[in-house]
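Undergrad: A structural model of the following input is requested.
(chains A and B)
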2 protein chains.
Amino acid sequence: MYLLGLDVGTTGCKAIIFSPNGKIVSSAYEEYQLHHRKPEWAELNPEEVWAKVVMVTRQSITNAKIDPKEIEALAVSSLGEAFMPIDKEGKPLYWSMLFMDERSREHTLWLEDHIDIKEVFRMTGQNLSSSMPVYTLPRIMWLRKYEPEVYKNAWKFLLWEDFVNFKLSGVPAIDYTLAARTMMLDIRKKRWNSEILALAGLDEGQLPSVHLSGTVIGEVQEDASKEVGLAKGTLVVTGGHDQPCGLFGCGIIESGPMMDSTGTVECFGVIQKELTLTDKILAQGFPVHPYVLHETYDMLGFNPTSGVILRWFRDNLSYEEKEEAKTNNTNVYDLLMNKASQSTLGSLGLFFIPYFEGSGTPTFNRNTKGAFIGLTLAHGKKDIIRSIVEGLSYELKLNIECIEEQGIDVTEIRAIGGGARSDFWLQVKADITGRKIVVPNITEAAALGAATLAGLGSGMYKDANDVVRQTYGIKKVITPDNNNTNKYNKHYKIYKGLYNSLKVIFDEIATLKA
Amino acid sequence: MYLLGLDVGTTGCKAIIFSPNGKIVSSAYEEYQLHHRKPEWAELNPEEVWAKVVMVTRQSITNAKIDPKEIEALAVSSLGEAFMPIDKEGKPLYWSMLFMDERSREHTLWLEDHIDIKEVFRMTGQNLSSSMPVYTLPRIMWLRKYEPEVYKNAWKFLLWEDFVNFKLSGVPAIDYTLAARTMMLDIRKKRWNSEILALAGLDEGQLPSVHLSGTVIGEVQEDASKEVGLAKGTLVVTGGHDQPCGLFGCGIIESGPMMDSTGTVECFGVIQKELTLTDKILAQGFPVHPYVLHETYDMLGFNPTSGVILRWFRDNLSYEEKEEAKTNNTNVYDLLMNKASQSTLGSLGLFFIPYFEGSGTPTFNRNTKGAFIGLTLAHGKKDIIRSIVEGLSYELKLNIECIEEQGIDVTEIRAIGGGARSDFWLQVKADITGRKIVVPNITEAAALGAATLAGLGSGMYKDANDVVRQTYGIKKVITPDNNNTNKYNKHYKIYKGLYNSLKVIFDEIATLKA
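TA: Just a heads-up that it's a prediction; the model follows:
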């Protein structure tokens, strides 16, 4: 028997069929379009996304050359926050706003004026801040104000996991981890928070039911079966938000290992020893969520501009390497990393701050910007690229320090995502943090996490330990060079001072826009 | 009749024959090698330089197709500080150390320990500082300690003006402006400073005689005539240090206009209303010298890394533009400036600090480094280049402000050097400073300054006013756009804060070297 993990992301969706030991049997991927109907808007077209989900599901089954009945269960790993209003037939009534959509600022500010952000944090684990105006709650409020007809006709507001669950099983059900990203979940009681709903004037009936990840909520119905090619009766199980699904896919089931998922954005995830919601981690921007496992909580850090800075460097300052990559049919990022590796530890005293779109955890400040500091005539391109890699890795260390201040011992780093492809970058991360870095033997952690949650629901696995035992493996381990770590400590001390040195300047630069 | 200006610089020498109205009749240029016998040393080989001076002099006469007797007089514009010990026959006994040679640090520090730097400033106008360890005085002390035999055999220590004067006329004579760059001249009394000589254990007899610029000190002798091709009896006149020669070549004979000479280094020069030697300008790093005119003093500011940063950007981050320049046979700097002009005022909030080798006036700090601050994903290469041009221009404004604090009204900027070739850069300078920028109708200000000093000595001109009337002309005037100036004022306010924000960081980075 097999498991299906559906990974619905910001720019595309994947359907991956796994065998019980976590090996990929087949997979299919489709991109969808980001719509910018206004410059500051960013949306998905739900019909288009659903059509792509159908395509990849069908394709994955075809590719696997299996009978759909051999798929025991499925679960969805979903992007966060984005929702859509649907009618009773499951028809989406509006576009689905993405995290970078600016619309929810108005109602985020309204909420800030009407409820204590510390109280919100203690109830929902989420950060009510105009620095992170991403949550579902203010977006629904925006819809009510500016699209009243749509709002009136909406039966439910669903995120992408529950939407897919509903389309397949007819049951509008979400799991705790994704529900927490709405800012409407009481993360202790694991139910919709009545105080927040009342403040916003929303009704629990407008929302899906909430369940622990790995809960069977229904079966694929006949109509859905015909549409997506799955067998009728296939178990539909609650999956989760993509980050905790990724953590679970990395075999993280207790406090200790940290996930470092490096793509466009870099995301750091750990399991808390026990639920901890301090003012400090609120100020640092770490959200806390119920995890995919019973009575377990994760804490997420993030650097909003990680790999995307290398893409920026590639697009703006790497014409030579792009030409070389074309000529030699090599990967331009490999060329850039190779160049960086020819520089020396500390990039000849050049420092780089990666806050190209404001900083994530722990400085968490939308006004911050990027910077190169310490340039001399001796610096060449190789030093500049290395300084970027080092700056991104200092951010990793900053996050580890803040996580450890919360009493969590980070025992090792599990690196996934595109950034884990570069041995050079991994070694810099190991040397700067002084931590062992483990690259798991998987490439699709979020989809695997969802699939194994489906397997937990179907009973394929006995428990989370059984999932890890059967599916988790190590591809390679990178150990820090202690000598380099000692040297980097001096640089890191300077790096840590940069934010405070430039904070006022960044605030001043932010005023120039007006 | 004609005048010859000899411009002996750091990397090459020029001989230019001018007609009395300042037009170039002919010119010749030869480069010489910078020798780095040790990595931290930088020297000229005096025999090689003299051979090149002979070559260009001969070549300029040949090119002019004139009888050498038609050259009435000559004078030298010389690089500063570099000296050589010579024997009585005029044979150089050692290499000539350039400003970037690190050797004089030891004796600069010794001097700092043994004499009050404020006292030195009040006597010599020069800044005894390990941030500017360039002067002749500590270099001679180095020679005495580390090359005692050479020192013992030396008859005189000559700089490049007096060396050429001596080779041509047999008279070892220097002018006040260049003599001031030794840090041994009493700039009020216009004679070698006995207190400093005594402290250093030097003797006035080891130095050339000192004269006002434009003073006839001898005639070309028969042997020299044969060697260099000048007529015997051609008047040899004191010229000056290249910066005041440049000022004079720009027609600046009283307080008001400021010279902005933009090459690798950018140099700002004004005439003081009256000799002013405050602690403040000492701390800001402005040296003060006797000017080429009687009882007049100039004050020089500098940015040690101006055009050289564009070269750095060309060499490290402009592969695309270099290829384009090759293909289309255009100038790569023109392409870079054209790209910068496609960005917008303020470079989308990106700031650039040009302190790639420490800062010049007025922050004057060897620990400072370069920086880009304010980067976002929206920034492209055009914004990066523009931020460099703007950063260099903010430095110009900083210098003007400090100069004006001394009671000098900067009435206009006279722009010369390679940087004055770019209309875009000139307009940015005009807009940022809010000043009129005048590009004089000359390209070789220092050589013209020397030649017209020769003409003053020979009596071709009645006085300095006569020189200006006959030789100074305007090529173009760039007026500031007041609207842009207002906008730039906001950016400049932020720019001014950057130095203080980063000072401590720069000090910390400087400690990494050890």
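Undergrad: gap between the helix or strand hosting residue A:85 and the chain center?
TA: According to DSSP states H and E, residue A:85 maps onto strand A:83-86. Relative to the centre of its chain, strand A:83-86 is centred 21 Å away, using Cα atoms, centre = their mean, to the nearest Å.
Undergrad: quick check: the closest residue to residue A:363 other than its chain neighbours vs chain B, distance?
TA: Once flanking residues are discounted, residue A:363 sits nearest to residue A:499: 5.1 Å by Cβ to Cβ, 6 or more residues apart in numbering or on different chains. C-beta: built from backbone N, CA, C; applies to glycine. Note on residue A:499: its distance to chain B, by Cβ to the nearest Cβ, to the nearest Å, is 11 Å.
Undergrad: what about residue A:499, which SS state?
TA: Here residue A:499 is helix, with the state taken from DSSP: H, G, I helix; E, B strand; the rest coil.
Undergrad: give me the number of residues near it?
TA: 17 (other Cβ atoms under 10 Å in any protein chain shown).
Undergrad: wait, doesn't it sit right on residue A:353?
TA: Yes. Residue A:499 is within contact range of residue A:353, at 7.4 Å (criterion: Cβ atoms under 8 Å).
Undergrad: in chain A, which ranges drop under the pLDDT threshold?
TA: A:514 (pLDDT under 70).
Undergrad: can you list the domains in it?
TA: Domain ranges of chain A: A:2-249, A:258-510, per automatic domain parsing.
Undergrad: determine how far the last residue of the first one lies from the first.
TA: Spelled out, that is domain A:2-249. The straight-line separation of the ends of domain A:2-249 (Cα to Cα, to the nearest Å) is 16 Å.
Undergrad: the stretch 351-500 of chain A: helices as residue ranges?
TA: Per DSSP state H, counting those that start in this stretch, the stretch 351-500 of chain A carries helices over the ranges A:381-405, A:423-433, A:445-458, A:464-471, A:482-512.
Undergrad: and the closest residue in space to residue A:195 that isn't next to it in sequence, which of the three is it?
TA: Once flanking residues are discounted, residue A:195 sits nearest to residue A:123: 7.0 Å by Cβ to Cβ, 6+ apart. The assignment at residue A:123 comes out as helix when based on three-state DSSP.
Undergrad: wait, what's in contact with residue A:123?
TA: A:186, A:187, A:188, A:193, A:195, A:196 (Cβ atoms under 8 Å, 6 or more residues apart in numbering or on different chains).
Undergrad: from the residues you listed, which would you call buried?
TA: Neighbour counting with 16 or more other Cβ atoms under 10 Å in any protein chain shown marks A:186, A:187, A:188, A:193, A:196 as buried within these.
Undergrad: and the furthest pair within those residues?
TA: Farthest-apart pair in the buried ones among the contacts of residue A:123 is A:188 and A:196; separation 13.5 Å (Cβ to Cβ).
Undergrad: which outside residues touch the strand holding residue A:85?
TA: Outside strand A:83-86, the residues touching it (Cβ under 8 Å, 6+ apart) are A:46, A:92-97, A:136, A:139-140, A:143, A:150-151, A:153-159, A:163, A:166, A:182.
Undergrad: chain center to the very next helix or strand once past it: distance?
TA: Going down the chain from strand A:83-86, the next helix or strand is strand A:96-97, by DSSP H and E. The chain centroid and the centroid of strand A:96-97 are separated by 16 Å under Cα atoms, centre = their mean.
Undergrad: check which helices and strands strand A:96-97 is in contact with.
TA: For strand A:96-97, the elements it packs on are strand A:43-44, strand A:83-86, judged by 3 or more Cβ pairs under 8 Å, 6 or more residues apart in numbering or on different chains; DSSP states H and E.
Undergrad: distance from the centroid: which residue in chain A tops it?
TA: Residue distances from the centre of chain A (Cα atoms, centre = their mean) peak at residue A:377, which lies 39.3 Å from the mean C-alpha position.
Undergrad: which bits of the stretch 401-514 of chain A sit near chain B?
TA: Taking Cβ under 8 Å from any Cβ of the partner chain as the criterion, the stretch 401-514 of chain A approaches chain B at residues A:490-491, A:493-494, A:497-498, A:501-502, A:504-506, A:508-509, A:512-513.
Undergrad: what's the neighbour count on the residue in the stretch 1-150 of chain A positioned nearest to chain B?
TA: At 11.2 Å from chain B, residue A:100 is the closest residue in the stretch 1-150 of chain A, using Cβ to the nearest Cβ. Per other Cβ under 10 Å, the neighbour tally for residue A:100 reads 14.
Undergrad: how near is it to residue A:36?
TA: From residue A:100 over to residue A:36 the distance is 10 Å, taken as Cβ to Cβ, to the nearest Å.
Undergrad: who touches both of these two?
TA: With Cβ under 8 Å, 6+ apart as the test, residue A:100 and residue A:36 both reach residue A:42.
Undergrad: would you confirm that residue A:378 contacts residue A:348?
TA: Yes. Residue A:378 lies in contact with residue A:348 (Cβ under 8 Å); the separation is 5.9 Å.
Undergrad: out of the two, which sits in the busier spot?
TA: residue A:348 (20 against 12).
Undergrad: need the contact list for the nearest residue to that one once chain neighbours are set aside.
TA: Nearest non-adjacent residue to residue A:348, counting by Cβ to Cβ, 6+ apart: residue A:383, 5.2 Å away. Neighbour list for residue A:383: A:343, A:347, A:348, A:350 [criterion: Cβ under 8 Å, 6+ apart].
Undergrad: over to residue A:66?
TA: Here residue A:66 is in contact with A:2, A:17, A:25 (Cβ under 8 Å, 6+ apart).
Undergrad: would it count as being in a strand?
TA: No. If the criterion is three-state DSSP, then residue A:66 is coil and not within a strand.
Undergrad: can you tell me the SS state at residue A:30?
TA: strand.
Undergrad: go ahead and confirm it touches residue A:54.
TA: No. Using Cβ under 8 Å as the test, residue A:30 is too far from residue A:54 to be in contact (9.6 Å).
Undergrad: who is the residue lying closest to the residue farthest from the centre of chain A once chain neighbours are set aside paired with across the strands?
TA: Closest residue to residue A:377 apart from its sequence neighbours, by Cβ to Cβ, 6+ apart: residue B:356 at 5.1 Å. Here residue B:356 sits in beta bridges with residue B:358, going by DSSP bridges.
Undergrad: next up, the contacts around residue B:356.
TA: If you count contacts by Cβ under 8 Å, 6+ apart, then residue B:356 has A:375, A:376, A:377, B:305, B:308, B:309, B:312, B:369, B:370 around it.
Undergrad: and the nearest residue to residue A:372 once chain neighbours are set aside, what does it touch?
TA: Leaving aside its chain neighbours, residue A:372 sits nearest to residue B:372 (4.6 Å; criterion: Cβ to Cβ, 6+ apart). Residues near residue B:372 by Cβ under 8 Å, 6+ apart: A:370, A:371, A:372, A:375, B:350, B:351, B:352, B:384, B:387.
Undergrad: now distance to residue A:201 too, for those residues, in CSV please.
TA: As requested, those are arranged in CSV below (distance: Cβ to Cβ, whole Å):
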residue, distance to residue A:201
A:370, 40
A:371, 43
A:372, 48
A:375, 54
B:350, 43
B:351, 45
B:352, 50
B:384, 48
B:387, 48
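Undergrad: centroid residue for chain A?
TA: Short answer for chain A (Cα atoms, centre = their mean): residue A:243, at 4.3 Å.
Undergrad: run the chain-centre distance for whichever strand or helix holds that residue.
TA: Residue A:243 belongs to helix A:242-249 when assigned by DSSP H and E. Mean C-alpha position of helix A:242-249 versus that of the full chain (Cα atoms, centre = their mean) differs by 8 Å.
Undergrad: can you pull the buried residues of that helix?
TA: So for helix A:242-249, counting by 16+ other Cβ under 10 Å, buried means A:242, A:243, A:244, A:245, A:246, A:247, A:248, A:249.
Undergrad: same list (these) but as a markdown table, adding distance to chain B.
TA: Formatted as a markdown table, the buried residues of helix A:242-249 follow (distance: Cβ to the nearest Cβ, whole Å):
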| residue | distance to chain B |
| --- | --- |
| A:242 | 22 |
| A:243 | 22 |
| A:244 | 27 |
| A:245 | 27 |
| A:246 | 24 |
| A:247 | 27 |
| A:248 | 31 |
| A:249 | 29 |
